[in-house]
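In: Next one to model:
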Amino acid sequence: MNRPLPLALTLGDPAGIGPEIVVRACADPARTAPVVVIGDPHVLARAAAATGVEFAMRPGDVELIAETELRRPPAWGEVDARAGEAAYAYVRRGIELALAGAVRGLVTAPVNKEALRLAGIPHPGHTEILAELTGSTDYAMMMATDELRVVLVTVHQSLRSALDAITTPRVLDVVRLTHRTLHRAGPRAPRIAVAGLNPHAGENGLFGREDLDVIAPAVRAARAEGIDASGPWPADTVFLRARSGEFDAVVAQYHDQGLIPVKYLGLEHGVNITIGLPFVRTSVDHGTAFDLAGRGVADHRSLLTALRHADELTAPHSGYDN
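Out: This next block holds a predicted model:
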């Protein structure tokens with residue numbers, strides 16, 4: 001019987017909790033997909049000592065690509081240029097393997113934005129790195145739990161700059177991408193709710209005209225293309241409506257608008273999915289947690305969830321296609 005291709009699993013920032021949750025996830029019997037860890041043997045050994053969980057390589061189940069050899073790893077919980085450079089190298093190698101078809105998907109542990117900047121990496125996070133190194137221009141971040149899916153129009157930028165980036169073409173592009181992604185993953189056309197920007201979706205222009213002049217035209221254009229999109233809906237209730245089953249996904253306008261409701265459901269249940277790439281990529285829905293790093297107490301359940309989603313999305317006949 002042919003063994004399935006593994007999932008590439010990147011170590012994340014060596015100074016954060018990524019190495020610890022990778023060690024725990026690799027040892028957890030709940031993990032069913034084979035993985036190839038892209039990281040550093042010395043960092044993994046330190047994480048194993050911190051957690052008390054052995055990192056054991058097993059051919060066909062858990063393998064290691066030693067992308068770096070940090071014999072003296074960066075200190076736990078500290079922003080370090082070496083850590084940023086290493087984290088970027090792990091992601092870059094994972095992308096290369098995925099594009100070459102050597103792995104069936106990419107799962108990433110968290111990186112630190114300050115460490116990336118110190119290392120001279122001009123990107124604020126995974127999403128932007130993935131877009132550049134794959135040449136993708138039509139992409140978005142989806143945060144998902146078993147109860148709620150949220151796709152973001154704008155991501156890692158200030159709220160002031162995000163307001164300028166929320167345009168009718170951008171909202172329409174994200175609605176289209178959400179439709180394509182979910183339609184390929186399911187038997188019926190997805191119901192997409194588009195969140196408004198202003199309180200009460202602008203209250204018909206009383207609280208700003210962005211919902212009328214920017215978002216509503218995108219919804220109308222999507223509906224004209226046969227997409228089951230609606231809105232703009234008031235953001236203070238639309239996520240609850242989606243969670244109750246009225247919608248299959250919510251298109252949120254900016255980072256915190258979309259991520260707060262997802263993360264409120266529990267960090268251990270969420271997963272970050274980059275849609276629009278030439279391969280499946282999932283990640284944890286939390287950061288490097290420098291305050292917990294090295295203490296051996298980091299919860300690896302979000303990483304297990306990310307591995308499960310990547311496994312399901314890349315399974316034969318899953319119907320998923322970016």
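
In: ranges for the helices of the stretch 101-250 of the chain?
Out: For the stretch 101-250 of the chain, applying DSSP state H, counting those that start in this stretch gives helices covering 113-118, 126-134, 159-165, 168-185, 210, 216-224, 235-243.

In: wait, which of those helices is closest to residue 272?
Out: Closest approach to residue 272 among the helices of the stretch 101-250 of the chain (C-beta to C-beta): helix 126-134, 7.8 Å. For every residue, glycine as well, the C-beta is placed using N, CA and C.

In: Mean neighbour count and distance to residue 192 added to the helices of the stretch 101-250 of the chain, as a markdown table?
Out: Output for those, formatted as a markdown table (neighbours: other C-beta atoms under 10 Å; distance: least, C-beta to C-beta, whole Å):
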| stretch | mean neighbour count | distance to residue 192 |
| --- | --- | --- |
| helix 113-118 | 20 | 29 |
| helix 126-134 | 19 | 20 |
| helix 159-165 | 12 | 20 |
| helix 168-185 | 20 | 6 |
| helix 210 | 19 | 19 |
| helix 216-224 | 18 | 8 |
| helix 235-243 | 18 | 10 |
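
In: so which of the ones you listed comes closest to residue 307?
Out: Residue 307 sits nearest to helix 126-134 of all these, at 15.8 Å, using C-beta to C-beta.

In: and the closest one, what does it pack onto?
Out: On a contact count with 3 or more C-beta pairs under 8 Å, 6 or more residues apart in numbering; DSSP states H and E, helix 126-134 meets helix 81-100, strand 271-275, strand 281-283.

In: Can you say which of these is packed in most?
Out: A comparison of the helices and strands packed on helix 126-134 by mean neighbour count, using mean count of other C-beta atoms under 10 Å, puts strand 281-283 on top with a mean of 28.

In: So what touches that one?
Out: 98, 105-110, 126, 130, 271-274, 306-307, 309-310, 313 (C-beta atoms under 8 Å, 6 or more residues apart in numbering).

In: Make a markdown table out of the helices and strands packed on helix 126-134 and add mean pLDDT.
Out: What follows is the helices and strands packed on helix 126-134, written out as a markdown table (pLDDT from 0 to 100):
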| stretch | mean pLDDT |
| --- | --- |
| helix 81-100 | 98 |
| strand 271-275 | 89 |
| strand 281-283 | 95 |
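
In: Now do residue 69 against residue 293, distance only.
Out: Counting by C-beta to C-beta, to the nearest Å, the separation of residue 69 from residue 293 is 20 Å.

In: how many other residues sit next to residue 200?
Out: Residue 200: 16 surrounding residues under other C-beta atoms under 10 Å.

In: mind listing what the nearest residue to it once chain neighbours are set aside touches?
Out: Spatial nearest neighbour of residue 200, chain neighbours left out: residue 234 (5.0 Å); criterion: C-beta to C-beta, 6 or more residues apart in numbering. Applying C-beta under 8 Å, 6+ apart to residue 234 gives the contacts 195, 196, 199, 200, 201.

In: Filter those down to the ones in strands?
Out: Among these, the residues falling in strands (DSSP state E) are residue 195.

In: Is residue 57 in contact with residue 63, as I believe?
Out: Yes. The pair residue 57 and residue 63 passes the contact test of C-beta atoms under 8 Å, sitting 5.9 Å apart.

In: what is the residue nearest the centre of the chain paired to in the beta sheet?
Out: Centroid-nearest residue in the chain: residue 272, 2.5 Å away (criterion: C-alpha atoms, centre = their mean). Assessed by DSSP bridges, residue 272 has beta-bridge partners residue 143, residue 283.

In: In contact with the closest residue to residue 262 other than its chain neighbours, which residues?
Out: In space, and not counting its chain neighbours, residue 262 is closest to residue 143: 4.4 Å by C-beta to C-beta, 6+ apart. When the contact criterion is C-beta under 8 Å, 6+ apart, the partners of residue 143 are 149-152, 258-259, 262-263, 270-273, 285.
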